[in-house]
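Trainee: model this:
(2 chains)
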Amino acid sequence: MGREAVTVEKMPASYSLMEVLDRVLDRGIVIERREVLLSLFYIDGLVLEERVAFISIDTYLKYAEAVGLLPLEETRHVTEYASRDRPRAEIP
Amino acid sequence: MTQNARYVYAVIPRIDKEDFGSIGIGGNRVYTIPYQDICAVVHDCPPEPYQGDEATVKGMVAVHSDVVDAVWEAAGSVLPMSFDVIIRPGEEGSADDNVRKWLEDEYTTFKMRVDEFRDKVELGVQILWDPEVITRRITEENEEIKKMVAEMATKSRGLAYFYQHKIAEAVKKEMETKADQDYRRYYERLRGYAEDTQVNKIKEHPDKQMIMNLSLLVKRERVKALGEVLGEIREEEGVDVRFTGPWPPYTFATKIVASGGEVEKWGERP
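Mentor: You can find the predicted model right below:
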């Protein structure tokens, strides 16, 4: 099984800023107490919009295009986030 | 402005190191406020939330993440706070008093979690399909769809159009079934490697279809074995695996929410 393991280990271990934002903004401990000032600040359209993509229309359209059955009717809007130039420790 | 509030990054086991230097947001000095054998990691700030435009907040979030990483490495375990949690002074005491009171009130939970998270890491596992490959596999393997494609070739233009939709619909349905089956199969296979799991929302991906987005809390010594299993999954045709980490246990710390009292806040968690 060594070869397979290497496959994953060799994958770029960098992680995107999106993943950092996802964790730091949307996860972690929050405080609910009277004497504590709790601020939850979110950036519009970043973490708030997780844009759930179910197996459905996108896949259907992609399929249709792939086998030449249908023209691609819809282009998905995809936002790319640049990878941070700091690799997370290699796995493992 | 008066720096009488405390921005909290994390709760960690108490260690000798009490000062982490000027590594905080805005170059602020990061230090610890202890209570018994745990401590809060903070910097001094005005009693106001940090905010700004997108780039500013992204930068601050990155620093928050770096601080949590640094104290995690130093302390061996960490309960990461969410971004922008600030403890302010109250009528009866300073912010420091409130931090200590908070640690005191939540001590049992924090202590338990700090111990629980020691020598464990959070890993992100995303399993993605190449939609073209998967659809090709389905069209090649599903007898009903194969039959329809063959029939379509013999039909007139108008009827072929009807067939196109019928085929696409059948493929879509078959993909959903397969996604569901594969999801269960992968989940059963992976859960055994984790002390805890969290199923996250599926996200859009530029050219792949994500079918699984998991966070796993894994003992350090089991990370390699998990990697091997993911390597095997990745060998399946049309399947890709994203494996990220090790992360501080942000996802699993989310389950820790101190209870009681009214909440004062500027923004709502979505």
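Trainee: quick one: average pLDDT of stretch B:105-123?
Mentor: For stretch B:105-123, mean pLDDT rounds to 93.
Trainee: list the buried residues of that stretch.
Mentor: B:106, B:109, B:110, B:111, B:113, B:114, B:116, B:117, B:120, B:121, B:122, B:123 (16 or more other Cβ atoms under 10 Å in any protein chain shown). The C-beta positions use only the backbone N, C-alpha and C, and glycine is treated the same way.
Trainee: show me which pair in these is furthest apart.
Mentor: B:106 and B:123 (26.3 Å; Cβ to Cβ).
Trainee: which residues does residue B:85 form a beta bridge with?
Mentor: residue A:38 (DSSP bridges).
Trainee: these two touch, right, it and residue B:7?
Mentor: Yes: applying Cβ atoms under 8 Å as the test, residue B:85 and residue B:7 come out as touching, 7.4 Å apart.
Trainee: which of these two has more neighbours?
Mentor: Looking at residue B:85 and residue B:7 with other Cβ atoms under 10 Å in any protein chain shown, you find the greater number of neighbours at residue B:7, namely 29 against 23.
Trainee: who are the contact partners of the more buried one?
Mentor: B:24, B:25, B:28, B:42, B:43, B:44, B:45, B:50, B:84, B:85, B:86 (Cβ atoms under 8 Å, 6 or more residues apart in numbering or on different chains).
Trainee: how close does the last one get to residue B:226?
Mentor: I take that to be residue B:86. 37 Å (Cβ to Cβ, to the nearest Å).
Trainee: still on that earlier bit, can you say which of the contacts of residue B:7 are buried?
Mentor: By 16+ other Cβ under 10 Å, the contacts of residue B:7 give B:24, B:25, B:28, B:42, B:43, B:44, B:45, B:50, B:84, B:85, B:86 as buried.
Trainee: got those residues as JSON lines, with distance to residue B:61, secondary structure and pLDDT columns?
Mentor: Below are the buried ones among the contacts of residue B:7 laid out as JSON lines (distance: Cβ to Cβ, whole Å; DSSP: H, G, I helix; E, B strand; the rest coil; pLDDT from 0 to 100):
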{"residue": "B:24", "distance to residue B:61": "13", "secondary structure": "coil", "pLDDT": "98"}
{"residue": "B:25", "distance to residue B:61": "9", "secondary structure": "helix", "pLDDT": "97"}
{"residue": "B:28", "distance to residue B:61": "15", "secondary structure": "coil", "pLDDT": "98"}
{"residue": "B:42", "distance to residue B:61": "17", "secondary structure": "strand", "pLDDT": "97"}
{"residue": "B:43", "distance to residue B:61": "15", "secondary structure": "strand", "pLDDT": "97"}
{"residue": "B:44", "distance to residue B:61": "20", "secondary structure": "strand", "pLDDT": "97"}
{"residue": "B:45", "distance to residue B:61": "15", "secondary structure": "strand", "pLDDT": "94"}
{"residue": "B:50", "distance to residue B:61": "10", "secondary structure": "coil", "pLDDT": "84"}
{"residue": "B:84", "distance to residue B:61": "9", "secondary structure": "coil", "pLDDT": "84"}
{"residue": "B:85", "distance to residue B:61": "13", "secondary structure": "strand", "pLDDT": "86"}
{"residue": "B:86", "distance to residue B:61": "15", "secondary structure": "strand", "pLDDT": "87"}
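Trainee: nearest to residue B:238 among these?
Mentor: residue B:84 (40.9 Å).
Trainee: pLDDT below threshold where in chain A?
Mentor: A:1-16, A:31-92 (pLDDT under 70).
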